[in-house]
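K.L.:
Starting from these lines, generate the structure:
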Amino acid sequence: MLQTALKVTGIDHVVLYVRDLERAKAFYMGVLGMEWEHGGPGQEFLRCGAQQVALFALRDGVEPHPGSEMNHMALRLAGGERAAVKAALEAAGCQIHGRPGDPDCLYFTDPDGHRLQVLLPSEQH
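P.N.:
Got it, this is the predicted structure:
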């Protein structure tokens, strides 16, 4: 095994740049059930399990770069059946799609175009 002075034990947070901080916060809390952790001028930290998603407001005139900053963020769900989860996301205005060779994957985008995936408990490793 590789010897190192550091040992990462988890991901504390991931930062997503958004155009409208309140809209993004409402999406992540209202649709995905994340909980508010803390915030400050131009930023909101939302808890999802032991990790956090940090939403940072873009400066005026700057656009987000979804897809070039990261491919996607996969989110573990505490429970649910595929059809009910898909229906809930669609009711919230999300367009669901699969991926090549796996049409059952639940991929969608947030209001700023960041690509997300939800994993049911049976899909988590």
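K.L.:
Give me the distance between Ile96 and Thr109.
P.N.:
Distance of Ile96 to Thr109, given as C-beta to C-beta, to the nearest Å: 10 Å. No exception for glycine: its C-beta is placed from N, CA and C like everyone else's.
K.L.:
looking at this, Phe27 is in a helix?
P.N.:
Yes. Membership of Phe27 in a helix is supported by DSSP: H, G, I helix; E, B strand; the rest coil.
K.L.:
so who does it touch?
P.N.:
92, 110-111 (C-beta atoms under 8 Å, 6 or more residues apart in numbering).
K.L.:
one more time with 7 Å
P.N.:
110-111 (C-beta atoms under 7 Å, 6 or more residues apart in numbering).
K.L.:
pLDDT at it, what is it?
P.N.:
As predicted, Phe27 sits at a pLDDT of 97.
K.L.:
same question, Gly113
P.N.:
93.
K.L.:
And the one 10 residues further on, by the same measure?
P.N.:
In the predicted model, Glu123 carries a pLDDT score of 81.
K.L.:
how much space between it and Asp104?
P.N.:
For Glu123 relative to Asp104 (C-beta to C-beta), the value is 9 Å.
K.L.:
Please say which of these two ends up with more neighbours.
P.N.:
Using other C-beta atoms under 10 Å, the more surrounded residue of Glu123 and Asp104 is Glu123, with 15 against 10.
K.L.:
and the nearest residue to Leu119 once chain neighbours are set aside, how many neighbours does it have?
P.N.:
Nearest residue to Leu119 in three dimensions, chain neighbours excluded: Arg76, at 5.3 Å (C-beta to C-beta, 6 or more residues apart in numbering). Applying other C-beta under 10 Å, we find 13 other residues in the vicinity of Arg76.
K.L.:
I figured Arg76 was touching Leu116, is that so?
P.N.:
No. Under the criterion of C-beta atoms under 7 Å, Arg76 is not in contact with Leu116, lying 11.8 Å apart.
K.L.:
I'm done for today, thanks for sticking with me.
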